[in-house]
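**Student:** Here is my input, please return the structure:
(one chain, ligands or ions: 2)
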Amino acid sequence: MSYVTVNQLTKRFGENTVFQDIDFTIEKGEFITLLGPSGCGKSTLLRSLAGLNPVDGGEIWVDGQDITHQVPQQRGIGMVFQSYALFPNLTVEDNIAFGLKMKKMASHTIKQEVEMIVDLVNLKGKEKHYPHQLSGGQRQRVALARALVVKPRILLLDEPLSALDAKIRKQLRQQIRHVQKELGLTTIFVTHDQEEAMIMSDRIFLMNKGKIVQAGSPETIYTQPANEFVAGFMGHYNLVGAEKAKQLFNINTEWKVAIRPESIYVKEEGRQYGRHISAPQKGIIRNHQLLGNIIRYQVNINDCELTIDLLNRSSERLLANGSQIELLFNLNEIQPVRN
Ligand code: ADP
Ligand code: MG
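**Tutor:** Numbers count the residues shown, from 1 in each chain. Ligands and ions are numbered 1, 2, ... in the order given. Here you go, the predicted structure:
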């Protein structure tokens, strides 16, 4: 039996069904990300697992125990939110110790536990600081420490990095993952950022409109999107209608086909291409954006607009708008996707 099993979980707010019949299992020590657009039900699902939102149907099992109707305090689940929610009048160490004091733990034990966690989340030297004396990233580490110190069975993180700037965000991603592995902690992390989900997760549960539309490793979700929504959400897949797919790729399908911008090449003289690469077809560069390490081109081919990503190897190779080019498609990477 899996460590976490969710069966047929359903949650409504009045007339609004936020999610219905959600099923999944999670193994002990896994890092799962709930990924999906704003409003798809990620926070509500997380809060339901924590016991902060009572559910309208279904079951939640953890470690062989039905916790569906337990109060939050009984569940052994730690949670970190986007906003830090620290006590402003308590120091870092008192913020972290709060949960242990509530449990009436002996003060020398509390001291030891807090020290260990402070070390783990890299807050040494900040113990006597107050929240207003800390940066956003440091405050979020205090929130993390506070959730960890009570040794939860499961850690839930609801967009904990969304309020932080890009650099701190990247550091904290690594640190959360490091701590999670160190403790072997079963973790469910919420984000709407696909890059963040790809980098951090053992598995991603991709949600849309209250459903898990695909669950799998980052690699699988990225390379084998289950439907149009997934293809649109992950990467920048080109979606080509059935009729155009026949013309361009000679593929017969009733669905749209998806191909990633990095699986299309602009033909270069003298370069050898493998057998799974299509014959060249003429196109015109319409537009381009410089994204740093890649240049993203919009290309028109047979009245079809495609996005192509090329590595930004040198500025001389930039293809001007209006250039005539020949395109090659990696036929192994073209796949029909359901709607
Ligand atoms: P996400 O976290 O994916 O952005 P939420 O779980 O916050 O999405 O919201 C999902 C849906 O549930 C939205 O339609 C939202 O308006 C609704 N919702 C969330 N919380 C409440 C609440 N306390 N009362 C009523 N509706 C809510
Ligand atoms: Mg949310």
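
**Student:** Only C-alpha atoms from now on, for both contacts and neighbour counts.
**Tutor:** Fine.

**Student:** so which strand or helix has A258?
**Tutor:** In this assignment (DSSP states H and E), A258 forms part of strand 256-259.

**Student:** anything in stretch 146-162 sitting right up against ligand 1?
**Tutor:** No: Stretch 146-162 does not reach ligand 1 (Cα under 6 Å from any ligand atom); its nearest approach is 8.0 Å.

**Student:** need the residues of this structure near ligand 1, please.
**Tutor:** Counting by Cα under 6 Å from any ligand atom, the residues of the chain close to ligand 1 are 13, 18, 38-44.

**Student:** now these in JSON lines, with pLDDT, secondary structure and neighbour count?
**Tutor:** Converted to JSON lines, those look like this (pLDDT from 0 to 100; DSSP: H, G, I helix; E, B strand; the rest coil; neighbours: other Cα atoms under 10 Å):
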{"residue": "F13", "pLDDT": "97", "secondary structure": "strand", "neighbour count": "11"}
{"residue": "V18", "pLDDT": "97", "secondary structure": "strand", "neighbour count": "19"}
{"residue": "S38", "pLDDT": "95", "secondary structure": "coil", "neighbour count": "12"}
{"residue": "G39", "pLDDT": "96", "secondary structure": "coil", "neighbour count": "13"}
{"residue": "C40", "pLDDT": "97", "secondary structure": "coil", "neighbour count": "20"}
{"residue": "G41", "pLDDT": "97", "secondary structure": "coil", "neighbour count": "23"}
{"residue": "K42", "pLDDT": "97", "secondary structure": "helix", "neighbour count": "31"}
{"residue": "S43", "pLDDT": "97", "secondary structure": "helix", "neighbour count": "18"}
{"residue": "T44", "pLDDT": "98", "secondary structure": "helix", "neighbour count": "20"}
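
**Student:** so what strands line up beside the strand holding A258?
**Tutor:** Strand pairing for strand 256-259, determined by DSSP bridges: strand 238-240 (antiparallel), strand 335-337 (antiparallel).

**Student:** pretty sure M116 is in a helix, no?
**Tutor:** Yes: remark: M116 belongs to a helix, assigned using DSSP: H, G, I helix; E, B strand; the rest coil.

**Student:** Quick check, M79 in contact with E159.
**Tutor:** No: applying Cα atoms under 8 Å as the test, M79 and E159 come out as separate, 10.8 Å apart.

**Student:** Looking at these two now, which is surrounded by more residues?
**Tutor:** Higher neighbour count among M79 and E159: M79, with 23 against 19, using other Cα atoms under 10 Å.

**Student:** How about the contacts made by that one?
**Tutor:** 50, 147, 155-158 (Cα atoms under 8 Å, 6 or more residues apart in numbering).

**Student:** Okay, and which of those map to strands?
**Tutor:** Judged by DSSP state E, strands contain the following of the contacts of M79: 155-158.

**Student:** Would you format the residues you listed as a markdown table with neighbour count, distance to F24 and pLDDT included?
**Tutor:** Listed next are these as a markdown table, based on neighbours: other Cα atoms under 10 Å; distance: Cα to Cα, whole Å; pLDDT from 0 to 100:
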| residue | neighbour count | distance to F24 | pLDDT |
| --- | --- | --- | --- |
| L155 | 22 | 17 | 97 |
| L156 | 24 | 16 | 98 |
| L157 | 24 | 18 | 97 |
| D158 | 21 | 18 | 97 |
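
**Student:** Out of these, the closest to ligand 1 would be?
**Tutor:** D158 (8.0 Å; Cα to the nearest ligand atom).

**Student:** Next, work out how far apart the closest one and T191 are.
**Tutor:** From D158 across to T191, the span is 7 Å (Cα to Cα, to the nearest Å).

**Student:** Look up phi and psi at the residue lying farthest from the centre of the chain.
**Tutor:** Most distant from the centre of the chain: G270, at 40.5 Å, with distances by Cα atoms, centre = their mean. The phi and psi values for G270, taken as degrees, to the nearest 10, are phi 80, psi -10.

**Student:** Other residues contacting the top helix by length along the chain?
**Tutor:** Looking across the chain with DSSP state H, the single longest helix is helix 166-183. Under the criterion Cα under 8 Å, 6+ apart, residues 29, 31, 120-121, 137, 161-162, 186-187, 196, 200 lie in contact with helix 166-183.

**Student:** distance between the ends of stretch 322-333?
**Tutor:** 27 Å.

**Student:** buried stuff in that stretch?
**Tutor:** For stretch 322-333, burial by neighbour count (16 or more other Cα atoms under 10 Å) applies to 325-331, 333.

**Student:** Now do that stretch: distance to the chain's middle.
**Tutor:** Taking Cα atoms, centre = their mean, to the nearest Å, the mean C-alpha location of stretch 322-333 is offset from the chain mean by 31 Å.

**Student:** Which parts of this protein are helices?
**Tutor:** Applying DSSP H to the chain gives helices spanning 42-50, 72-75, 92-102, 107-120, 136-148, 166-183, 194-200, 218-223, 228-233, 242-249.

**Student:** Output the ones you listed in CSV, with distance to N321 appended to each entry.
**Tutor:** Listed next are the helices of the chain as CSV, based on distance: least, Cα to Cα, whole Å:
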stretch, distance to N321
helix 42-50, 41
helix 72-75, 58
helix 92-102, 55
helix 107-120, 52
helix 136-148, 42
helix 166-183, 32
helix 194-200, 29
helix 218-223, 29
helix 228-233, 25
helix 242-249, 22
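
**Student:** Of those helices, which stretch is the most buried?
**Tutor:** Most buried of those, by mean neighbour count (mean count of other Cα atoms under 10 Å): helix 136-148, with a mean of 24.
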